[in-house]
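Chemist: Sequence first, then the predicted structure:
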Amino acid sequence: MAATGAPQMITLVKGLNQGLRAAMEADPKVIVMGEDVGRLGGVFRVTDGLQKDFGEQRVFDTPLGESGIIGTAVGLAVRGYRPVCEIQFDGFVFPGFDQIVSQLARLHYRSQGKLRMPVVVRIPHGGGIGAVEHHSESPESYLAHTPGLKVLACANPVDAYWMIQQAIACDDPVIFFEPKRRYWDKAPLDLAAVPPPLFSSRVLRAGTTATVVAYGPMVRTALDAATVAEQGGQTLEVIDLRTLSPLDLAPVFDSVRRTGRLICVSEAPGEVSLTAEVAARVSQECFYSLEAPVLRVTGFDTPYPPAKCEEAYLPDLDRILDAVDRALAY
């Protein structure tokens, strides 16, 4: 991809692919590993062409064992490499959960800062692709609760391109969630632009009626809801969290102090979730600015349903707009 000229339209998959390529070109210690990431290029083709261009020593397939993938990455990081691990689907992360929580997240602290863990764990997450459980889950709350991990969620092609490079350059372990049902969304990428800081949220659409906070696959749904609401004279301010740990809530606080209302949106079940944390923090910091209780629009507190039922499970713009109406009714 040329570094100059007019912005080029890319998909989110292409943004990730080009971001990985740029990181590998910049640092020979960056390696990519996972199930089918090599010759196949990943089940979603995120790593397409990387093995061909960088060789089997830097892009290689692993056995079907997530614990082994993460454990190997920990060892490689100790030896100075920057591994990028792909977990093929969100629900497959659990066999590697012990390695992530007990080793990857703790070694820097355990070694009193002597060891760095610059490991990125890529996880396609969320539903909406007509798949069964273990292929459509949202396990981000588990991982965001783990001290020692940074947790990110890109939502669009441009962020995908920049954030994956920034994550790889980070010396801390990063869990990198990718919204699989948005993989083929398109946006113009300007390589001359300056990307925002990695651990920061962003206001994507200004408004005064209410604040809507989302991340990952729900960001586009929130923006669609704002477009519909505008036809009725309401202006919703939409904020993409982008970083789930650490949370950057300063823009959310500023927005709520102006709008007086907040709706938090996520595909994940609502019980003990990131939306609950955002609601608690906003209630604490913006109590006297709130005109209504903080409302949440989330997945239901059940295991992920069969594919035929997922549209009834996933939050949609109607549920978001209903929450806005309920907030305005106070």
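Modeler: Good, I have the coordinates. Numbering: from 1, shown residues only.

Chemist: check contacts around V294.
Modeler: Each residue near V294 by CB atoms under 8 Å, 6 or more residues apart in numbering is listed here: 262-264, 278-279, 282-283. Just so you know, the C-beta spots here come from the backbone N, C-alpha and C atoms, and that holds for glycine as well.

Chemist: whoops, I mixed them up, S201
Modeler: By CB under 8 Å, 6+ apart, the residues touching S201 are 239-243, 247-252.

Chemist: Kindly provide the distance from it to T146.
Modeler: Counting by CB to CB, to the nearest Å, the separation of S201 from T146 is 20 Å.

Chemist: what does V37 give?
Modeler: When CB to CB is the yardstick, V37 and T146 sit 24 Å from each other.

Chemist: Check R205 too.
Modeler: If you measure R205 against T146 using CB to CB, the figure is 31 Å.

Chemist: Just to be sure, K114 is in a helix?
Modeler: No. When classified by DSSP: H, G, I helix; E, B strand; the rest coil, K114 is found to be coil rather than part of a helix.

Chemist: Just the residues contacting the host helix or strand of V219, thanks.
Modeler: When elements are defined using DSSP states H and E, V219 is found to belong to helix 218-231. Defining contact as CB under 8 Å, 6+ apart, one finds that helix 218-231 is touched by 155-156, 182, 185, 204-205, 207, 209, 212-214, 235-236, 238, 240, 265-267, 315-317, 320-321, 324.

Chemist: Among these, which are located in strands?
Modeler: By the criterion of DSSP state E, membership of these in strands covers 204-205, 212-214, 236, 238, 240, 265-267.

Chemist: for those, which one is nearest P306?
Modeler: For those, the residue nearest P306 by CB to CB is E267; the value is 16.1 Å.

Chemist: I'd say the closest one and L314 touch.
Modeler: Yes. Taking contact to mean CB atoms under 8 Å, the distance of 6.0 Å between E267 and L314 places them in contact.

Chemist: Return every residue with contacts to both of these two.
Modeler: Taking CB under 8 Å, 6+ apart as the contact criterion, the residues that touch both E267 and L314 are 127, 299.

Chemist: More neighbours: those two, which one.
Modeler: Here E267 and L314 are compared on neighbour count by other CB atoms under 10 Å; more neighbours surround E267, at 28 against 23.

Chemist: if we can go back for a sec, just the buried members of the contacts of helix 218-231?
Modeler: Among the contacts of helix 218-231, those classed as buried by neighbour count (16 or more other CB atoms under 10 Å) are 155-156, 182, 185, 204-205, 207, 209, 212-214, 236, 238, 240, 265-267, 315, 317, 320-321, 324.

Chemist: So V121 belongs to a strand, correct?
Modeler: Yes. Inclusion of V121 in a strand is indicated when three-state DSSP is applied.

Chemist: wait, what's in contact with it?
Modeler: V121 makes contacts with 70, 73, 85, 87, 93, 100, 104, 173-176, as judged by CB under 8 Å, 6+ apart.

Chemist: Return the closest of the residues you listed with respect to I164.
Modeler: Of all those, the one with the least separation from I164 (CB to CB) is F176, at 6.6 Å.

Chemist: That closest one: which element?
Modeler: Counting by DSSP H and E, the element that carries F176 is strand 174-179.

Chemist: so that strand versus helix 218-231, what angle?
Modeler: Counting by axes from the mean of the first three to the mean of the last three CA atoms, to 10 degrees, strand 174-179 lies at 50 degrees to helix 218-231.
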